[in-house]
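S.K.: Provided below are the primary sequence and the corresponding predicted coordinates.
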2 protein chains.
Amino acid sequence: MTAFLLRNGRPMGGPAADILIRDGRIVAIGPNLTAPDVTVEDSGGALVLPGLVEAHTHLDKSLWGMGWRPNDSGPRLIDKIDNERKLKRELNIDPARQSARQVVLSSSHGSTHIRSHVDVDTDHGLWGIEGVMKTRADYADIIDMDIVAFPQSGLLRRPGTLELMHEAMKAGADVVGGLDPCAIDRDPKGHCDAIFALAEKYGKPLDIHLHEPGEMGAFSMDLIFERTRALGMKGQVVISHAFCLGTPDRALVDPLIDQLAELDIGIMTTGPASRPAPPVQTLLARGIRVCSGSDGIRDTWGPYGNADILERVMLVGLRNNFRRDDEVELAFHVCTQGGADIMRLADYGLKVGAKADLIVVDGETITHAAVARPPRKLVVKHGKVVARNGQSLRSAP
Amino acid sequence: MTAFLLRNGRPMGGPAADILIRDGRIVAIGPNLTAPDVTVEDSGGALVLPGLVEAHTHLDKSLWGMGWRPNDSGPRLIDKIDNERKLKRELNIDPARQSARQVVLSSSHGSTHIRSHVDVDTDHGLWGIEGVMKTRADYADIIDMDIVAFPQSGLLRRPGTLELMHEAMKAGADVVGGLDPCAIDRDPKGHCDAIFALAEKYGKPLDIHLHEPGEMGAFSMDLIFERTRALGMKGQVVISHAFCLGTPDRALVDPLIDQLAELDIGIMTTGPASRPAPPVQTLLARGIRVCSGSDGIRDTWGPYGNADILERVMLVGLRNNFRRDDEVELAFHVCTQGGADIMRLADYGLKVGAKADLIVVDGETITHAAVARPPRKLVVKHGKVVARNGQSLRSAP
């Protein structure tokens, strides 16, 4: 295969260096590299950073490119869930088409890996799983993808969903999803038993949406801890959102953090401005894996989002009151290596031997790039340029 | 003067209409307008919105264009205050130069009005006030500006500052500023007495930074209420930040809101993700004037900010969990008419007879424009194009 030489970039904002890539891997980083028959790109002194990791989104249900639809859904979580299920057919929110659109958008901004939760419910069966799997195959050249089978409408409250979750795992989902065992599914023991049984049966990890605040969330977390320990699933569970960790009561939160550390349970936070949020710095200091993501992009839940994970660095930074550069770099870590740690990506990062997934972006430092968010000059995936000047080289339907 | 015809725009996202401008004012809005000897611009079906109002920033101390300086300041408010005062001379953060840069940046994003707090302290005297006044004069064609004399380092705790505040008001400041009567100035009675005396003496309104949380902030607010009432200053006071209004204790907050409504005291909120924040929807429902702004742009306090008030709409929306279009439009209101209400702008808005300060931006609706934030196609100030495709037609030093 052709070698690829990225000249004159500043890896992680350090001194200028060239990066030599062969067979989709970084084979050398240093000054004045050369190789015969090599394709050369010049970075013009820009930053070179590892590919961004979109570790929590919902590829199957963005409305991107479907025209503007004014949002008038009700205030409760269950209102938005019911509203979405209804609109999916009404608006024909086709998971294959919409996931392709979002993948191309994500890639244009420099995401090279995505973990997507994908709805599994009795109204739509595996429409989502099949559509997103098609996108995963069609766009394998620009993105690596984890698919989480996600019982968005509840697991036990809607009979038939558990059977569909089995089908989704058999069809090729990588991760078992869960959702608010108390608040949505109304049967915390039943919900937790069911999702852990799925994980055990298919030998797959778990990624559980937990919006439940305060004491209720702490209770659900405890049920997750018990099962993680009992089933020997240390290191195989992620809790997404985990608003209860943002409760100001340390007597409630500190013991939860102790257990997360002990059981190597990862946390996903979007840096939500309007909700209590997990304390990123505290979690990282305890060695807990933390990742981030866009969550839904312009969907029936709300109008926000553009799939730019550099913007997510800013939002996580703002939420955690990160002001010093070393603090903002924690948010950047969460949006890159943190995601790789959660998704257990092999050979991730800007180092010799790692897979050549990287971005080139203007900026004096990582923090500068995160707050300025200029269009990515280059996005490289599997050692090849897949986006240039903010535009993907692939197109979507 | 020349007439100016803006064709084929959609005012506030409504049906297509032309806007005819003469002598800096909107003279007609409707279909198929014509006029002799008219300069014509075509909006191409884009949105036409009123000029954005940056109602709270610090023009005198942005580091914009000064190269990237890693931030390593301490965690407390007073650390950042002391750090900044020291760095002002060390880095030569020239208020005239820096305010010019930020004004040009703001205008490129569509702000047509700015209220800037400007530091007054014993280390730098009126350096800030004089510099920003120079910018106000030099850039009067692209921006209207309110200048708040702001005792950033404390008023009474640093002897000599009060005298400088008198000088600042005599020099032409429009508004008397204040700052955390308890937490920073350590003398709440003394601080409040002093700033209200300044306001009375110079016949100017007040805009008081109040970061104090919870009970302390509520106490300072009470002192402000007492003086507003005693001096008959209803409608002439603004409280900026007002974090204490975000306290979850309604028994504390509701009486404060009652007084704000009674005394027509305005509130400025940036929609801060990491702090308790005033509840925008509740305040607006009570008829309280609410505005927003960027606060500091890439300064010694932190790296964030780009002076784009459409991005601020998004941040205020995210902070207040606004998801429906009618909710996001409240955030837009705060960033436009809300700022005009706070600054008491005469003839503001997109209507016949109003001053012709407006923007043209792609988007299907106001909410769409706020979440997508494309470069502004046109910015019109005093009836003339001052920025095009995201670029100001003026330059800064």
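M.R.: Great, that's in hand.

S.K.: ok, residue A:138 - contacts?
M.R.: residue A:100 (C-beta atoms under 8 Å, 6 or more residues apart in numbering or on different chains). To be clear about C-beta, it is placed using only N, CA and C from the backbone, and glycine gets the same treatment.

S.K.: for it, give its distance to residue A:396.
M.R.: Separation of residue A:138 from residue A:396 (C-beta to C-beta, to the nearest Å): 9 Å.

S.K.: and residue A:222, what element?
M.R.: Here residue A:222, judged by DSSP states H and E, is contained in helix A:214-230.

S.K.: in contact with the residue of the stretch 1-150 of chain A at minimum distance from chain B, which residues?
M.R.: When distances are taken as C-beta to the nearest C-beta, the stretch 1-150 of chain A reaches nearest to chain B at residue A:68, 3.7 Å away. Residue A:68 makes contact with B:363-365, B:367-368, according to C-beta under 8 Å, 6+ apart.

S.K.: check residue A:238 too.
M.R.: Counting by C-beta under 8 Å, 6+ apart, residue A:238 makes contact with A:205-208, A:265-268, A:289, A:291, A:342.

S.K.: pretty sure it is in a strand, no?
M.R.: Yes - using DSSP: H, G, I helix; E, B strand; the rest coil, the assignment for residue A:238 is a strand.

S.K.: now do the same contact list for the residue nearest to residue A:376 when sequence neighbours are not counted.
M.R.: In space, and not counting its chain neighbours, residue A:376 is closest to residue A:110: 4.6 Å by C-beta to C-beta, 6 or more residues apart in numbering or on different chains. For residue A:110, the contacting residues are A:49, A:51-52, A:308-310, A:359, A:361, A:376, A:379, A:387, by C-beta under 8 Å, 6+ apart.

S.K.: from residue A:49, how far off is residue A:110?
M.R.: 8 Å.

S.K.: could you list the buried residues of the helix or strand of chain A with the lowest mean pLDDT?
M.R.: Least confident helix or strand of chain A, by mean pLDDT, DSSP states H and E, is helix A:77-90 with a mean of 92. The neighbour-count check on helix A:77-90 (16 or more other C-beta atoms under 10 Å in any protein chain shown) flags A:80-81, A:83-85, A:87-88 as buried.

S.K.: enumerate the residues of chain A near chain B.
M.R.: By C-beta under 8 Å from any C-beta of the partner chain, the residues of chain A that approach chain B are A:67-68, A:70-73, A:271-275, A:298, A:301-306, A:314-315, A:317-321, A:323-326, A:328, A:363-365, A:367-368, A:370-372.

S.K.: quick one, strands of the stretch 101-250 of chain A?
M.R.: A:111-119, A:144-150, A:175-179, A:206-210, A:237-241 (DSSP state E, counting those that start in this stretch).

S.K.: what about the fourth one, distance to the chain center?
M.R.: In this case it means strand A:206-210. Relative to the centre of its chain, strand A:206-210 is centred 12 Å away, using C-alpha atoms, centre = their mean, to the nearest Å.

S.K.: ok, now which ones touch residue A:49?
M.R.: Residue A:49 makes contacts with A:11-12, A:110, A:332, A:336, A:350, A:358-359, A:361, A:366, A:369, as judged by C-beta under 8 Å, 6+ apart.

S.K.: if you could redo that for residue A:97, that was the one I meant.
M.R.: A:131, A:396-397.

S.K.: I'd assumed it was in a helix, is it?
M.R.: Yes - assessed by three-state DSSP, residue A:97 belongs to a helix.

S.K.: isn't residue A:273 right up against residue B:315?
M.R.: Yes - here residue A:273 reaches residue B:315: they are 7.2 Å apart, a contact under C-beta atoms under 8 Å.

S.K.: residue nearest the centroid of chain A?
M.R.: residue A:55 (1.2 Å; C-alpha atoms, centre = their mean).

S.K.: neighbours of residue A:204, how many?
M.R.: Around residue A:204 there are 17 other residues, counting by other C-beta atoms under 10 Å in any protein chain shown.

S.K.: hmm, it is touching residue A:168, no?
M.R.: No - Residue A:204 is beyond contact range of residue A:168, at 10.6 Å (criterion: C-beta under 8 Å).

S.K.: can you tell me the SS state at the nearest residue to residue A:321 once chain neighbours are set aside?
M.R.: Once flanking residues are discounted, residue A:321 sits nearest to residue B:274: 3.7 Å by C-beta to C-beta, 6+ apart. Of the three states, residue B:274 takes coil under three-state DSSP.

S.K.: give the contact list for residue A:390.
M.R.: Here residue A:390 is in contact with A:108-109, A:375-376 (criterion: C-beta under 8 Å, 6+ apart).

S.K.: how about low-confidence regions in chain A?
M.R.: Across chain A, the ranges flagged by pLDDT under 70 are A:1.

S.K.: who are the packing partners of the helix holding residue A:222?
M.R.: Helix A:214-230 is packed against helix A:188-202, strand A:206-210, strand A:237-241, helix A:250-262, with contacts defined by 3 or more C-beta pairs under 8 Å, 6 or more residues apart in numbering or on different chains; DSSP states H and E.

S.K.: may I have that helix exported as CSV, CA atoms only?
M.R.: C-alpha atoms of helix A:214-230 as CSV (Å, rounded to 0.1, in the frame of the first residue of the first chain):
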residue,chain,number,x,y,z
GLY,A,214,-30.2,12.3,43.2
GLU,A,215,-31.2,9.4,45.4
MET,A,216,-33.1,7.6,42.7
GLY,A,217,-30.1,7.6,40.4
ALA,A,218,-27.8,6.5,43.3
PHE,A,219,-30.2,3.6,43.9
SER,A,220,-30.1,2.5,40.3
MET,A,221,-26.3,2.8,40.3
ASP,A,222,-26.1,0.5,43.3
LEU,A,223,-28.2,-2.1,41.5
ILE,A,224,-25.7,-1.8,38.6
PHE,A,225,-22.8,-2.1,41.0
GLU,A,226,-24.2,-5.3,42.6
ARG,A,227,-24.6,-7.0,39.3
THR,A,228,-21.3,-5.9,37.9
ARG,A,229,-19.6,-7.4,40.9
ALA,A,230,-21.7,-10.5,41.0
